[in-house]
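Asks: I would like the atomic coordinates for the input below:
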Amino acid sequence: MEYAINHVHIRAADPRASASWYEKIFNAKIVSEREVMPGTITIGMQVGGPTRLNISSQPEGSSPKRASAELHQLGLEHFGFHVEDLEAEMTRLEAEGIRVVLPLTVTPQGIKLAYIEGPDDVLIELVQAAA
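Replies: Presented below is the predicted three-dimensional model:
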């Protein structure tokens, strides 16, 4: 059996504000908003591919502990977006005031990458394929 990633799921203090950020920064589209677990909302988003981005509020009684948008954490560290022109993207994101965790870096294979901090302490990698 083959497997494909169905979605990435983020817990947010304010899912609607987080969803608005992904709409503005990555042209994500809200495709649904519903109660999945009692007393919570989950906003489903499409971001240019088959993998969905889900952003949910925390269920009542959840831990208030927050993640950290830093490299080299145990557990899920980050997720990534493909971009066509990383230099232009970094200029745009920095103008938006988005925190850069790792500036544009070129790997020995010619792949360009950078890391930024998204809402809810989410670490996001931006990747441009080698020319």
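Asks: any low-confidence regions in the protein?
Replies: 74 (pLDDT under 70).
Asks: can you give me the strands in it?
Replies: 7-11, 29-34, 42-46, 52-56, 79-82, 100-106, 112-118, 122-128 (DSSP state E).
Asks: output the contacting helices and strands for the second one.
Replies: Here strand 29-34 touches helix 15-26, strand 42-46, going by 3 or more CB pairs under 8 Å, 6 or more residues apart in numbering; DSSP states H and E. (C-beta placed from N, C-alpha, C; glycine too.)
Asks: which other residues reach that strand?
Replies: Ala19, Glu23, Ile41, Thr42, Ile43, Gly44, Met45, Gln46, Val47, Arg52 (CB atoms under 8 Å, 6 or more residues apart in numbering).
Asks: quickly check those for the two that are furthest apart.
Replies: Ile41 and Val47 (18.6 Å; CB to CB).
Asks: any of the contacts of strand 29-34 buried? List them.
Replies: Among the contacts of strand 29-34, the ones that count as buried by 16 or more other CB atoms under 10 Å are Ala19, Ile41, Thr42, Ile43, Gly44, Met45, Arg52.
Asks: want to throw the residues you listed into a markdown table with distance to Ala95?
Replies: Shown next, in a markdown table, are those (distance: CB to CB, whole Å):
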| residue | distance to Ala95 |
| --- | --- |
| Ala19 | 21 |
| Ile41 | 31 |
| Thr42 | 31 |
| Ile43 | 26 |
| Gly44 | 29 |
| Met45 | 23 |
| Arg52 | 28 |
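Asks: can you give me the separation between Ala12 and Thr42?
Replies: 10 Å (CB to CB, to the nearest Å).
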